[in-house]
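structure for this input, please:
(one chain, ligands or ions: 1)
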Amino acid sequence: MNITLIYFSQTGNTRRIANAMAEVFCESGYPARTLSLKRASPRDAVETDVIGIGSPCFSSQAPTPIKNFLHSLPPIPGKPAFVFATSGTAPGRVLYDLSSILREKGASVLGGFLARGTVRHPAPCLYGRLPDRPNAEDLAEARRFAREIAESLANGRTEPVATSRPDTFRLHGGFYDFVALISTDSALRLLMPKPKLNPAQCNRCRWCEFECPVHNIELKPFPVIAGECIRCYRCVNGCPQKAYTVDWRIGNLIVYALYNKTFTRWFGT
Ligand SMILES: Cc1cc2nc3c(=O)[nH]c(=O)nc-3n(C[C@H](O)[C@H](O)[C@H](O)COP(=O)(O)O)c2cc1C
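From the prediction side, this is the model:
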């Protein structure tokens with residue numbers, strides 16, 4: 001029985017969790033491989049015996065690229081599956097999003113795992129929160145979860161594993177579920193500033209064109225961000241020339257400062 005862990009990861013946190021889980025599966029006798037969403041096709045999900053899906057949390061939900069991928073899958077009736085995510089302090093419905101689409105496709109979801117991950121959202125009051133996460137303890141918990149999944153597979157069990165987060169299977173109906181509900185891609189486009197290119201710093205290396213998770217950047221002759229930008233700030237965070245910036249509006253910064261200091265204290269999970 002082979003296992004494929006397909007993950008979306010912009011800054012490496014979710015990839016580290018995927019790798020830790022894959023190691024455990026291999027040690028438990030299940031050939032396992034990790035596959036970045038960039039390189040995955042629906043066939044990878046169909047042809048594997050067991051599928052693991054991982055992603056970061058953006059705007060208290062699963063990011064559009066991974067949701068689009070899951071929606072593009074054909075039915076996978078009865079296929080054992082599990083989900084995992086990394087987030088700051090407001091995971092909202094990320095695990096539920098991943099597991100509910102998989103269940104719509106007929107998969108049998110055995111559980112969901114969540115770890116904290118260092119936040120690299122470029123808003124000054126968010127960047128660098130939760131330093132050094134996932135840490136050794138987070139990785140140990142990810143391994144424990146993977147061991148439980150491996151045991152369930154060995155015993156043919158279909159009920160959720162003991163360490164599965166309850167919010168994998170039901171919305172908790174809290175504040176951040178509401179945030180997720182209103183943070184549609186179009187609302188984010190309206191409310192959040194679009195990244196800006198400084199052509200003087202760009203050497204047209206095409207990094208952003210390749211890395212944009214919604215294929216929304218084209219060189220003409222310099223990179224142009226078209227209308228489908230999901231405000232993930234991948235281009236800002238990752239550009240090797242640091243050619244992208246964001247002009248933060250004062251309103252965004254006030255909301256983020258509250259989000260960071262106050263909202264997560266009151267409503268964070
Ligand atoms: C654009 C953006 C939006 C984010 N939104 C949230 C959020 O709503 N709640 C939260 O807990 N973390 C949020 N985060 C933090 C990420 O979920 C967290 O850093 C995650 O570990 C990143 O995983 P990765 O390194 O695999 O991309 C956000 C990060 C970015 C870049």
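
close to the ligand: what parts of the stretch 101-250 of the chain are there?
Residues of the stretch 101-250 of the chain found near the ligand (C-beta under 6 Å from any ligand atom) are 117, 118, 119, 120, 121, 232, 233. No exception for glycine: its C-beta is placed from N, CA and C like everyone else's.

out of those, who's nearest the ligand?
residue 117 (2.1 Å; C-beta to the nearest ligand atom).

tell me who's in contact with the closest one.
Listed by C-beta atoms under 8 Å, 6 or more residues apart in numbering, the contact set of residue 117 reads 11, 13, 14, 56, 86, 87, 88, 130, 133, 134.

quick one: the helices in the stretch 1-150 of the chain?
13-27, 42-47, 64-71, 94-104, 136-155 (DSSP state H, counting those that start in this stretch).

can you pick the most crowded of the contacts of residue 117?
residue 86 (32 neighbours; other C-beta atoms under 10 Å).

once you drop chain neighbours, what's closest to it?
residue 117 (3.4 Å; C-beta to C-beta, 6 or more residues apart in numbering).

residue 261 too?
Nearest one to residue 261, counting by C-beta to C-beta, 6+ apart, is residue 125 at 8.0 Å.

surely that neighbour is in contact with residue 257?
Yes: contact criterion C-beta atoms under 8 Å: residue 125 and residue 257 qualify, at 4.6 Å.

what is the neighbour count of residue 38?
Neighbour tally, residue 38, other C-beta under 10 Å: 11.

swap in residue 234?
Residues near residue 234, counting by other C-beta under 10 Å: 22.

so it makes contact with residue 211?
Yes: under the criterion of C-beta under 8 Å, residue 234 makes contact with residue 211 at 5.8 Å.

for residue 139, grab the count of nearby residues.
17.

per-residue pLDDT, it?
Residue 139 carries a pLDDT score of 98 in this model.

isn't residue 96 up against residue 166?
No: using C-beta under 8 Å, residue 96 is not in contact with residue 166, being 9.9 Å away.

tell me which of these two has more neighbours.
Comparing residue 96 with residue 166 by other C-beta under 10 Å, the one with more neighbours is residue 96, at 24 against 11.

any idea how far that one is from residue 82?
14 Å (C-beta to C-beta, to the nearest Å).

re the thing from before, residue 125 and residue 257 - which one has more neighbours?
Applying other C-beta under 10 Å to residue 125 and residue 257 shows that residue 125 carries more neighbours, namely 18 against 15.

ok now do the more buried one, which residues does it touch?
Residue 125 touches 253, 256, 257, 260, 261, counting by C-beta under 8 Å, 6+ apart.
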